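>>> A predicted structure for the sequence below; I have some questions about it.
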Amino acid sequence: MLRPRKKLARKEIKEDALVTTIFKVQRLYSTYRKQIEIGLIAVLAVVVLGGLMLRSKKSAERQASARLGLTEPAYFSGEYQRVIPELTSIQEKYPGTPSAGEAVFYLGNAQFAVGNLDQAEACFRRYAEDYGQNRAFKASSLAGMAAVQEARKQYEKAAVLYEKAGRNYQDLFSAPSYLMNAGRCYAAANDIAKGKQLYQILLDKYPDSNAAQEARALIESL
């Protein structure tokens, strides 16, 4: 005669399932032990490497920031020939850091100020394409490239870049002056209609700006 089977309690069922799962995991680990250990080592290596890279980047930024801080007084005093070698060194030695980006931007202004148009254009373009975290610097880099084209008497190219800076960064304090420069360069390129259009946008959007007063006089002269 068969004895009635004891009904398992819920706790016993859970414990039995847990034991079964542990056995399955142990069996899988035994089967794929080598692959699992290689994978764990790879993950650990990525974590360690990432930590070292982050630490290295922070150290690079501290060094770049310190050197840039020592250079800025001479830069803002207009000693451009003096600061060009140091700014060049900073942006070359600490690429990718925020301070290196600022050095690139300052270097563009310094090169433009001493008449090195090709070098200035390269710096402004590099900041706009590789850095650009600072919106004001990004807009000013576009305006810097425009100023280079204007100095070359490539007025239409200059106008397009000035307009891009003014339209893409309308919230910046410098936006009205960019639009005014765009209008002036379009007029210099004999695109009078486009020049008037930019002046009118400036007058409509920034009627109380200093640039608007100049735009009113220029639009009447066209």
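Okay, I see it.
>>> list the residues that contact residue 212.
176, 202, 203, 206 (CB atoms under 8 Å, 6 or more residues apart in numbering). Where you see a C-beta, it was placed from the backbone N, CA and C, and this is true even at glycine.
>>> give me the element it is part of.
In the assignment (DSSP states H and E), residue 212 maps to helix 210-221.
>>> which positions within that helix qualify as buried?
Across helix 210-221, burial judged by 16 or more other CB atoms under 10 Å covers 211, 212, 214, 215, 218, 219.
>>> how about stretch 188-207?
For stretch 188-207, by 16+ other CB under 10 Å, it's 189, 191, 194, 195, 196, 197, 198, 199, 201, 202, 203, 206.
>>> what's the most distant pair in those?
Spanning the widest gap among the buried residues of stretch 188-207 are 189 and 206, at 22.9 Å by CB to CB.
>>> coming back round to it: tabulate the contacts of residue 212 (JSON lines), appending distance to residue 123 and secondary structure.
Output for those, formatted as JSON lines (distance: CB to CB, whole Å; DSSP: H, G, I helix; E, B strand; the rest coil):
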{"residue": "176", "distance to residue 123": "25", "secondary structure": "helix"}
{"residue": "202", "distance to residue 123": "28", "secondary structure": "helix"}
{"residue": "203", "distance to residue 123": "33", "secondary structure": "helix"}
{"residue": "206", "distance to residue 123": "29", "secondary structure": "coil"}
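>>> return the closest of those with respect to residue 124.
Distances from residue 124 to the contacts of residue 212, taken by CB to CB, are shortest for residue 176, at 20.5 Å.
>>> who's in contact with the closest one?
Residues counted as contacts of residue 176 (CB under 8 Å, 6+ apart) are 166, 202, 205, 206, 209, 210, 211, 212.
>>> what does residue 152 give?
Residue 152 touches residue 117, counting by CB under 8 Å, 6+ apart.
>>> could you measure it against residue 128, distance?
Remark: distance between residue 152 and residue 128 (CB to CB, to the nearest Å) = 18 Å.
>>> now do the helix holding residue 212: distance to the chain's middle.
With CA atoms, centre = their mean, to the nearest Å as the basis, helix 210-221 stands 34 Å off its chain's centre.
>>> with stretch 67-77 instead?
Its chain's C-alpha centre and that of stretch 67-77 lie 22 Å apart, by CA atoms, centre = their mean.
>>> how about that stretch: buried residues?
So stretch 67-77, judged by 16+ other CB under 10 Å, has buried residues 67, 68, 71, 74, 75.
>>> skipping its backbone neighbours, what lies nearest the first one in space?
What that stands for is residue 67. Spatial nearest neighbour of residue 67, chain neighbours left out: residue 90 (5.3 Å); criterion: CB to CB, 6 or more residues apart in numbering.
>>> tell me the mean pLDDT over the helix or strand hosting that neighbour?
Using DSSP H and E, residue 90 maps to helix 80-93. Helix 80-93 shows an average pLDDT of 96 in the prediction.
>>> tell me which other helices or strands that helix touches.
helix 33-76, helix 98-113 (3 or more CB pairs under 8 Å, 6 or more residues apart in numbering; DSSP states H and E).
>>> by mean pLDDT, show me the worst of the ones you listed.
Within these, confidence is poorest for helix 33-76, with a mean of 67 (mean pLDDT).
>>> in a markdown table: the buried residues of stretch 188-207, plus pLDDT and secondary structure.
Listed next are the buried residues of stretch 188-207 as a markdown table, based on pLDDT from 0 to 100; DSSP: H, G, I helix; E, B strand; the rest coil:
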| residue | pLDDT | secondary structure |
| --- | --- | --- |
| 189 | 96 | coil |
| 191 | 95 | coil |
| 194 | 95 | helix |
| 195 | 94 | helix |
| 196 | 93 | helix |
| 197 | 94 | helix |
| 198 | 94 | helix |
| 199 | 94 | helix |
| 201 | 94 | helix |
| 202 | 94 | helix |
| 203 | 94 | helix |
| 206 | 95 | coil |
